[in-house]
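Novice: this one's sequence-less:
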């Protein structure tokens, strides 16, 4: 069997018979793979860092303050002479603002998603989607400014008793802020529902609304749950809007018309000040951070479980 | 299974007792059949019989996906190397054996770059050398005339038939010893199909070709030898005319006369 | 027979006609609601920008852009803030982008399906949901105190780099996944190694999506405030950091990495937290600049995505 076109002398060089000639390129391949693997492991390192730092500082904190007090005391005054370390006030602040935000974001986001996926024509969708993305591109400090200097005064026209710092205005704007997260993920989930499911409903005489609510929405529930969980995480972790507009006063209350501090706002407040490294006051921010992380993880796990439960294979 | 006795044709490759497993499922059972140099060998059989699986053993494509396992041997001549052996580097194998796929898959690059890529990764970088290779390959693939004035144009703007010929040129550029065709015309219209079939008949003068086809008439038109497979086993292997006019196995006869398929 | 007649009669009856009309009406109302809600979201966006512009546009001036912060609102400016933002973004990009792309390549092209790989993937998904302030806490404990990097540009950049790393990884993975397996097979069939396939095909063809994801992640980092406050940004820096260049070899200076830092959102936060209204005007002006930065980056990302989509379509 003779070789083919002999014009290209390099041909023979390329035809390798033994393994040894490929050893050097082989090593290069292995080295590259190792580097890439290290890059992937940085993500693990970051998690370990987060858990490590929070656990370490909280550990020292809990040697001074009992876990029971931390979880049940109704006052949070770690920087006062008569210090109380009850996280409930901060948690209530976070939960109330989040609840207000979700009351806005979930209905609005879902409705927008349904409209965009089931009703809207292409030009409408091409216009609205980028604009909604812009809503999420606005930095949170700017939202904070907006709440403090526009939304709250506007609401005070309706309720003159509304305090300058309150959870309602903050929660409302956080809600608008996370609408794009909810709507875009929900819409993706709904558009992934195959056309034939819709056609089945239409063929029976259903209107678009009935099809959307009874066929598409339930089929996409897995992705929609993911969207809601995303919104919840975002709202819980929101810092600047509440730091600017909800107040820095830890109050144990479920009334959104009052000022309150969230876990995140408290951490900011302490960071702005001068607390000596290693003092109990300093350690409170890590304990608070740990609580924040745990609550977020809880929602993520619950969301993941729900997502799996509603998972549909088309 | 009917074997062919060796005449003036030279053996290019040969599988001996090849078993192939997708994970736990065995897809090929004891496949032993020859591939002759400068001949076209067609693999025919109903859907799922394993012909594409068998084809992809020749260039170790199965190694790209986890869980696949080879047993037995596929010997490449004249080196007498078992190319599915674990000690053989799949990259080496693919450097010597080329493949054309069912759906044309040119790179979204220029026509020139598509054809030149094979030589680039073999270390050729001089423009003069590459120009020569590109022209030669495109000539061999009967595409040069149509694209010689727009080599820098994107390959994605070519028609389906042209793209497939580009893929053939791409494979030819590296002067492979064995060329594998996986149903190369099933996505093409009849005109493009016959051009590719003409091409295959020309190309066999230089390189051994194995072609998988679900179109029996194509196998009859184009190949010198045909292997009929069924459920992962070789049923019959013979000269093409004999296979289609006077097959030895009843199963083969049923298939080629269209009683099932 | 009775029932058949009964149904036929029902179908022709006015009761059913009325029912159908009512449903159609509901359908139209639902569509209207969708439009309304979308309009509300857009209205909020426009009001926000409008309010910001109304309050702060007048304050924008060359003086504002080139002055240091000051106790006197009329003299205060954002010079250190925007220079700080650029320098921090530089470190952030250098930290997050190579690691993010590398990790994504590893997970998509190299990693075998094992429990370890799945753990890494779950980890990355979780990290994406961690509140940004937690990253600040981690950086405070680890980078500032443990590694003694101080409250510096280096720390700030690394903190934000860790924050956006999951985003870069996820966006890059999606871009890589969009490359069809047929193209990879074509490359392998020619004898390319895995790295050659990635370098010559997978990465170039997914570059559009990768760039888009990168820029969106960076635009998110531009607006981040909370983690930087925690790490110790100062909002009153009346001097510029060391320049990144120097007269002598190697012409690049790394001194600035250890200088104290500030960024635009923190400057805005500082001003909005003050009671004087003149500072609020400054805050609004800073907010407009910040908004412009963020929107510009988003616009660039959209343009890149569109251009790449035109060039490479599967």
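Specialist: Cool, the structure landed. Note that the structure is predicted; figures quoted are calculated from it, not measured. Numbers count the residues shown, from 1 in each chain, chains lettered A, B, ... in the order given.
Novice: so where does residue B:14 fall, helix or strand?
Specialist: Using DSSP states H and E, the element containing residue B:14 is strand B:11-22.
Novice: ok, that strand: who's next to it in the sheet?
Specialist: Partners of strand B:11-22 in the sheet, by DSSP bridges, are strand B:25-36 (antiparallel), strand B:68-76 (antiparallel).
Novice: would you convert those into JSON lines that also reports mean neighbour count and mean pLDDT?
Specialist: All C-beta atoms are positioned from the backbone trio N, CA, C, and that covers glycine. Formatted as JSON lines, the strands paired with strand B:11-22 follow (neighbours: other Cβ atoms under 10 Å in any protein chain shown; pLDDT from 0 to 100):
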{"stretch": "strand B:25-36", "mean neighbour count": "19", "mean pLDDT": "93"}
{"stretch": "strand B:68-76", "mean neighbour count": "18", "mean pLDDT": "93"}
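Novice: follow-up on the earlier one: so what touches the strand holding residue B:14?
Specialist: A:1, B:26-37, B:50, B:53-54, B:57-58, B:62, B:67-77, B:83-84, B:177-178, B:208 (Cβ atoms under 8 Å, 6 or more residues apart in numbering or on different chains).
Novice: quick one: average pLDDT of that strand?
Specialist: The average of the pLDDT scores along strand B:11-22 is 93.
Novice: with stretch C:223-236 instead?
Specialist: pLDDT averaged over stretch C:223-236 gives 87.
Novice: buried ones in it?
Specialist: The neighbour-count check on stretch C:223-236 (16 or more other Cβ atoms under 10 Å in any protein chain shown) flags C:223-235 as buried.
Novice: just checking the distance from stretch A:162-170 to the centre of its chain.
Specialist: Taking Cα atoms, centre = their mean, to the nearest Å, the mean C-alpha location of stretch A:162-170 is offset from the chain mean by 23 Å.
Novice: ugh, typo on my part, it should be stretch A:153-160
Specialist: Computed by Cα atoms, centre = their mean, the chain-centroid distance of stretch A:153-160 equals 30 Å.
Novice: just the buried positions in that stretch, please.
Specialist: Those would be residue A:155, for stretch A:153-160 by 16+ other Cβ under 10 Å.
Novice: what's the average pLDDT for it?
Specialist: Stretch A:153-160 shows a mean pLDDT of 90.
Novice: now the strands paired with strand B:11-22 as JSON lines including distance to residue B:254?
Specialist: JSON lines is the format used below for these (distance: least, Cβ to Cβ, whole Å):
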{"stretch": "strand B:25-36", "distance to residue B:254": "20"}
{"stretch": "strand B:68-76", "distance to residue B:254": "28"}
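Novice: any idea how many residues pack against residue B:217?
Specialist: By the criterion of other Cβ atoms under 10 Å in any protein chain shown, residue B:217 has 9 neighbours.
Novice: now it: which helix or strand?
Specialist: helix B:216-222.
Novice: and that helix, what does it pack against?
Specialist: Helices and strands touching helix B:216-222, by 3 or more Cβ pairs under 8 Å, 6 or more residues apart in numbering or on different chains; DSSP states H and E, are strand B:40-44, helix B:190-203, helix B:240-245.
Novice: pull the distance from the first one to the chain's centre.
Specialist: When C-alpha coordinates are averaged (Cα atoms, centre = their mean), strand B:40-44 and its chain have centres 9 Å apart.
Novice: and chain A, is that strand touching that?
Specialist: No: Strand B:40-44 does not reach chain A (Cβ under 8 Å from any Cβ of the partner chain); its nearest approach is 15.5 Å.
Novice: one more: stretch C:256-276?
Specialist: Yes: with Cβ under 8 Å from any Cβ as the measure, stretch C:256-276 is seen reaching chain A through C:265, C:268, C:269, C:272, C:273.
Novice: can you give me the buried ones in that stretch?
Specialist: C:256-273.
Novice: low-confidence regions, chain B specifically.
Specialist: B:1-8, B:261 (pLDDT under 70).
Novice: all set now, cheers.
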